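*Asks:* Let's see this in three dimensions:
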Amino acid sequence: MRRTYSGRSAVFAAVIIYGLIGVQTSGGQSQSSTAGLPSEMPARIEPATSSFDYVRRVAMIPMRDGLRLHTVILVPKGAKSAGILLTRTPYDADAQTNHGSAHLGPTLSGYDNATEVIVEGEYIRVVQDVRGKHGSEGDYVMTRPLHGPLNPTPVDHATDTYDTIEWLVKNVPESNGRVGILGISYDGFLPLMALVNPHPALKVSVPMNPMVDGWMGDDWFHNGAFREQGMSYIYEQEATRANTASWWVSHYDDYDEFMAAGSAGELGRQHGIEQVGFWRKLLEHPAYDAWWQQQAMDKILAAQPLRVPVMLVDSLWDQEDIYGAPAVYKAIKPKDSGNDKVFLVLGPWHHGQEIGDGSTLGPLRFGSDTGLYFRREILAPFLAQYLRDGAPKAEVAPVSAFETGTNKWLHLASWPAGCASGCSVKPTALYLGAALKASFAAAKPGDTTYEEYVSDPAKPVPFVARPVHTNDAAGGETWRKWLVSDQREASGRPDVLVYSSEVLTSPVKISGQPVANLLASTSGTDSDWVVKLIDAYPDEVAGQAAMGGYQLMISADIFRGRYRESLETPKPIAADKPLLYKFNLPTANHVFLPGHRIMVQVQSSWFPLYDRNPQTFVPNIFWAKPEDYRKATQRVYHTSFVELPVVGQR
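*Replies:* Coordinates of the predicted model:
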């Protein structure tokens, strides 16, 4: 907050300046006005911590290139032969470990700290600033790539983790020499990096909601469509070492803010974001070229030996990194020949909710605290097995999946799997048929062939009800919960097609990734396609009136049409020609209950979460001009379908 001074404040400032300059004595010498009045501030404060139940140490740990990383080490008092639980972060190690309490639990309260697991497990807690951020030395690079074509230096997050663990096991005498690493989001990406040439003392890794592939479906793009809501993060994360520069806005409604600028590139230019290096890289790499592919963690780990047990934690309604954890699981599970090194957890959460209260998400009630269950019944015994002396083998299933709709945990041998035994997952087409009917039966001869709508870039479909503001405290709640927001607002628009099944008379369960198969045409030469799989609630719901008629997204995503033939090379779309657009939707584990309907919505914008497609092919959409944005007639043909991973009996 910027403050101005006037009146008495100005007089006060003048007095201070006068005092600092000093006054002239009769002998003509300058004398400080504070002479004889010593400072009340000590040269260095030594906190009195005898009542604390932990000891706080701060170390600058040297890396192999000579730079030092700021590291906070919290040791429970009296600890002997304790396991170390490490988190590496760009989000300020001091802030995550210094909440002003004499007790370890409260001082850890906050991001990345599954508090009761750390305290009850009697772990030594270590949090480290990554190079270039906050107290650490060196240069910051967003999700710094491994040494290789994208990083000519000899250091990366894998080597920094190795060097950190090497120092910890030699210099923390209270430890038993066993280290686990965990974290959420960016801090979840780092436990994946630790799996590349891991240190022998690294015994377990828990990446939660990890950033894995920023183009395919995590923070920066989804299937080629740019996530504009991430621009403020990019600016604030890279503008300064300590995140002191703030993104600014000139409109209350983000919808107006992004519309006024036009393209994402122009909005960035107006904010001076080209001063930060990562933004310049995004502008240079709008397609899925080698720059993206060479740093995708699922691809990297698929080529690595599997040496360390891993628990991947995924949120079914993750508004930031919904792609990553299932993608890594799919990439590395084939290496797990004993079914005892790769574990997966699917929870009914938003991004990072697993370390907080998981009883509800938006209007959804789960009947129990799913976050607490995860921490106590899954995470705690899993970590203890590898890090605590004498701990028993954890009775944790290879897959722990919360089933939404019925609200129960399933313990499975693999994923996707609909149940513990006796069932199978069968890909089943849900057709988008005539009269806007969604049906498991294909279109009949004589039915009309398509439905159509007009997509107007001047009036894009908002991703949440306006006004859109996600950067303040209230907006943060909107952002965390938007994937479970009611889709009725969109379903009433003329530029959104809404296909609905008959009322279900028996449950329909899906486990896995739905796949959109749109046979569609556009009158333009480029187009976005958004497909949303929705659970439409009964008109009235006993005991929860607000859920009457609610349209709950179960799985949804966007695809940028220019990449239909090649993700690496964008091409214009042939106007008015029916073409197939096939793309995966995020992982789901849901039961559509009797009395509900299965709904599919199709639209061509999702704004301002994603930048607008001009619907005219241009070389780089970041720099689309106002005249490039044109209306287009969109047709979705009745042979289109969403392939559902339906669970049935064998």
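
*Asks:* residues near the closest residue to K459 other than its chain neighbours, how many?
*Replies:* Leaving aside its chain neighbours, K459 sits nearest to D495 (7.5 Å; criterion: CB to CB, 6 or more residues apart in numbering). The way it works is simple: take the backbone N, C-alpha and C, and place the C-beta from them, glycine included. Residues within reach of D495, counting by other CB atoms under 10 Å, total 18.

*Asks:* show me what contacts D495?
*Replies:* Residues counted as contacts of D495 (CB atoms under 8 Å, 6 or more residues apart in numbering) are Y453, V454, S455, D456, K459, V461, Q603, S604, S605.

*Asks:* Look up the pLDDT of the first one for me, please.
*Replies:* Reported pLDDT at Y453 in the predicted model: 98.

*Asks:* tell me which residues in the helix or strand containing it are buried?
*Replies:* Element membership for Y453 (DSSP states H and E) is strand 450-455. By 16 or more other CB atoms under 10 Å, the buried positions in strand 450-455 come out as Y450, E451, Y453, S455.

*Asks:* How about the third one, nearest residue that isn't a chain neighbour?
*Replies:* I take that to be Y453. Closest residue to Y453 apart from its sequence neighbours, by CB to CB, 6+ apart: D495 at 4.8 Å.

*Asks:* same deal with the last one?
*Replies:* Using CB to CB, 6+ apart and skipping residues adjacent in sequence, the residue nearest S455 is S604, 3.8 Å away.

*Asks:* The one you found: neighbouring residues, count only.
*Replies:* Here the count is done by other CB under 10 Å, and S604 has 28 residues near it.

*Asks:* Return the per-residue confidence for the residue nearest to K459.
*Replies:* According to the prediction, D495 has pLDDT 98.

*Asks:* Quick check on it: phi, psi?
*Replies:* According to degrees, to the nearest 10, the main-chain angles of D495 amount to phi -100, psi 20.

*Asks:* Just name the closest of the contacts of D495 to W220, please.
*Replies:* S605 (18.4 Å; CB to CB).

*Asks:* Do you know the pLDDT at the closest one?
*Replies:* S605 carries a pLDDT value of 98.

*Asks:* Just list the residues touching the nearest residue to it once chain neighbours are set aside, thanks.
*Replies:* Distance criterion CB to CB, 6+ apart; nearest residue to S605, sequence neighbours excluded, is P460 at 3.6 Å. Contact analysis of P460 by CB under 8 Å, 6+ apart lists M259, S605, W606, F607, P608, R612.

*Asks:* tell me which element the second one is part of?
*Replies:* Under DSSP H and E, no helix or strand contains S605.

*Asks:* Can you get me a residue count around it?
*Replies:* 26.

*Asks:* Would you agree it is in contact with R612?
*Replies:* Yes: using CB atoms under 8 Å, S605 is in contact with R612, at 6.0 Å.

*Asks:* Return every residue with contacts to both of these two.
*Replies:* Joint contacts of S605 and R612 (CB under 8 Å, 6+ apart) are P457, P460.

*Asks:* Could you grab the helix/strand/coil label for E489?
*Replies:* Put simply, E489 is helix when judged by DSSP: H, G, I helix; E, B strand; the rest coil.

*Asks:* hmm, I was thinking of V249
*Replies:* Classification of V249 by three-state DSSP places it in coil.

*Asks:* so what's it closest to, chain neighbours aside?
*Replies:* Leaving out its chain neighbours, the residue that sits closest to V249 by CB to CB, 6+ apart is E257, at 5.4 Å.

*Asks:* ditto for D528
*Replies:* N613 (4.3 Å).

*Asks:* Just the closest of the contacts of P460 to P334, please.
*Replies:* W606 (33.7 Å).

*Asks:* Give the full set of residues in contact with the closest one.
*Replies:* With contact set as CB under 8 Å, 6+ apart, W606 has these partners: A225, P460, V461, F463, D528, V530, I558.

*Asks:* what's the spacing between V530 and N620?
*Replies:* 21 Å (CB to CB, to the nearest Å).

*Asks:* Of these two, give the one with the bigger neighbour count.
*Replies:* Between V530 and N620, counted using other CB under 10 Å, V530 has the larger neighbour count: 23 against 13.

*Asks:* and the nearest residue to Y629 once chain neighbours are set aside, how many neighbours does it have?
*Replies:* Leaving aside its sequence neighbours, Y629 sits nearest to P457 (CB to CB, 6+ apart; 3.9 Å). P457 has 23 neighbours, counted by other CB under 10 Å.

*Asks:* P457 reaches R612, doesn't it?
*Replies:* Yes: using CB under 8 Å, P457 is in contact with R612, at 4.9 Å.

*Asks:* can I assume W409 sits in a strand?
*Replies:* Yes: using three-state DSSP, the assignment for W409 is a strand.

*Asks:* Could you count how many residues lie near it?
*Replies:* Using other CB under 10 Å, W409 has 19 neighbouring residues.

*Asks:* Next, the residue nearest to V249: secondary structure please.
*Replies:* Quick answer, by three-state DSSP: E257 is helix.

*Asks:* Now for it: which residues touch it?
*Replies:* By CB under 8 Å, 6+ apart, the contact list for E257 reads V249, S250, H251, L267, P608.

*Asks:* what about it, distance to D576?
*Replies:* Taking CB to CB, one finds E257 at 34 Å from D576.

*Asks:* Would you map the strands across the stretch 201-350 of the chain?
*Replies:* With strands called from DSSP state E, counting those that start in this stretch, the stretch 201-350 of the chain shows them at 202-208, 221-222, 225-226, 310-315, 342-347.

*Asks:* for the record, mean pLDDT for the second one?
*Replies:* In this case it means strand 221-222. The average pLDDT for strand 221-222 rounds to 98.

*Asks:* circling back: show me what the strand holding Y453 packs onto, helices and strands only.
*Replies:* The contact analysis (3 or more CB pairs under 8 Å, 6 or more residues apart in numbering; DSSP states H and E) places strand 450-455 against strand 632-637.
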